[in-house]
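> I'll drop the sequence and a predicted model, then ask my questions.
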Amino acid sequence: MEIFAYRKRDGKLTKDYSVEDIPRLLKDPDNIVWIDIQEIDEQAEIILTGTFGFDPILVQDAKQSSNHPKIQDFPRYLFFTVHGLKEETTPYNFVTKEIDGFLGENFLVTHHNEDSRSIEETKQSILKNPSMLHKGVDYLLYQILDRIIDSYISITDEFNKKISEIEDRILESEQIDETILEEIMSLKRSVARLSRIGSRQERVLYRLSHGEFSLIQKSNIPPYLDVYDHLLRVVALAESYRDLVNSLFNLHFNVITIKTNEAIKIMTIISTIMLPLSLIAGIYGMNFENMPELKTRYGYFVVLGVMVLIAILLLIYFWRKGWLFTISEHKSIKNRKGNTSINPSQNIISTNSDTQR
């Protein structure tokens, strides 16, 4: 448990208070108190339910790690749940961690069972620049949410790269790659989770950014609107990525079908050429005594020449029909890819330098 207190009258930020100092800090309306709890043990539970007077059901809810993003309004405080990204999150394995919190007039209590990079970065930020807390405890919450959503923007860039990479592999692979389908399925699950978490988190930020709660000062509404706008872009990207991943399924199966058809076409051509040659060989392989040209001196070479001529004529016929020596369809698609591919991030979200604040 870490306890921070900022005194507005002298602009001083102090940390490492003891739990006995919490009631004194809360009584002074000039203080802004932030308590960060990584594990709600018995002592922390007594503080939350006793000192702060939070509903015991909400405290038990915060102890669990299976809650969806949400926000609830109570007479003296707000209870919220949001989801940050775990360090091991990748486009193939999209995993989140729950962050719960209580926001009051002069306090913020956050809880997370796992380390949170967003919260740690916020701690370092306020220690370097304590004056930002002069804007209020709701501005402190904005700092945390802003970093959480920034991490979502970073992972959407990774999704875009992986989708393009798989598309290139599908088109450039000479052999059928069985691992591609597994990767597409992993991407599909991750995109679905990104879309689901993002849309639920969007409702939380919508309520925070549209003046629904009195604990959010009007002067701090614009920063919340900025975070909400970034989350809207993430949700829009997730929807576009869902369509792109579905298109990867179609592309993958179409390429497999084309390659299978090419193999069948080659086998059919070979079989067609071999059929008349087998017929000739079969006829002259019969053990009849009286057969034309059977005793001829050059009969063997004549028959071989006829068979070669038939094979050449059939090859010419297949070539004129366009069945031989043509560019495969999936290679043509690959050559046109540079002109037809769509990068959704160019239409929905700006570059990384544009999103940094």
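Sure, I can see it.

> I'd like to know how far His83 sits from Ser151.
10 Å (C-beta to C-beta, to the nearest Å). All C-beta atoms are positioned from the backbone trio N, CA, C, and that covers glycine.

> Ok, Ala5 next?
From Ala5 to Ser151 the distance is 28 Å (C-beta to C-beta).

> Between those two, point out the one with more neighbours.
Using other C-beta atoms under 10 Å, the more surrounded residue of Ala5 and Ser151 is Ala5, with 23 against 16.

> Return the distance of the strand or helix carrying that one from the chain's centre.
Following DSSP states H and E, one finds Ala5 within strand 2-7. Centroid separation for strand 2-7 versus its chain: 36 Å, with C-alpha atoms, centre = their mean, to the nearest Å.

> What mean pLDDT does that strand get?
For strand 2-7, mean pLDDT is 89.

> One more: stretch 279-299?
Mean predicted confidence for stretch 279-299 is 74.

> and if you look at stretch 171-191?
80.

> Now do the helices in the stretch 201-350 of the chain.
221-284, 299-320, 329-340, 344-348 (DSSP state H, counting those that start in this stretch).

> Quick one: closest of those helices to Thr122.
helix 221-284 (13.3 Å; C-beta to C-beta).

> circling back to that earlier point, tell me the strands beside the strand holding Ala5, with direction?
strand 12-15 (antiparallel), strand 31-37 (antiparallel) (DSSP bridges).

> circling back: could you save the helices of the stretch 201-350 of the chain as JSON lines and add columns showing mean neighbour count and distance to Asp73?
Below are the helices of the stretch 201-350 of the chain laid out as JSON lines (neighbours: other C-beta atoms under 10 Å; distance: least, C-beta to C-beta, whole Å):
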{"stretch": "helix 221-284", "mean neighbour count": "16", "distance to Asp73": "15"}
{"stretch": "helix 299-320", "mean neighbour count": "13", "distance to Asp73": "75"}
{"stretch": "helix 329-340", "mean neighbour count": "12", "distance to Asp73": "49"}
{"stretch": "helix 344-348", "mean neighbour count": "15", "distance to Asp73": "32"}
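
> Compare those and report which one is nearest to Ser214.
For the helices of the stretch 201-350 of the chain, proximity to Ser214 was assessed by C-beta to C-beta; helix 221-284 is nearest, at 12.0 Å.

> and that closest one, what does it pack onto?
Helices and strands touching helix 221-284, by 3 or more C-beta pairs under 8 Å, 6 or more residues apart in numbering; DSSP states H and E, are helix 137-172, helix 178-209, helix 299-320, helix 329-340, helix 344-348.

> Now render the helices of the stretch 201-350 of the chain as TSV, adding distance to Ser190.
What follows is the helices of the stretch 201-350 of the chain, written out as TSV (distance: least, C-beta to C-beta, whole Å):
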stretch	distance to Ser190
helix 221-284	9
helix 299-320	46
helix 329-340	24
helix 344-348	16
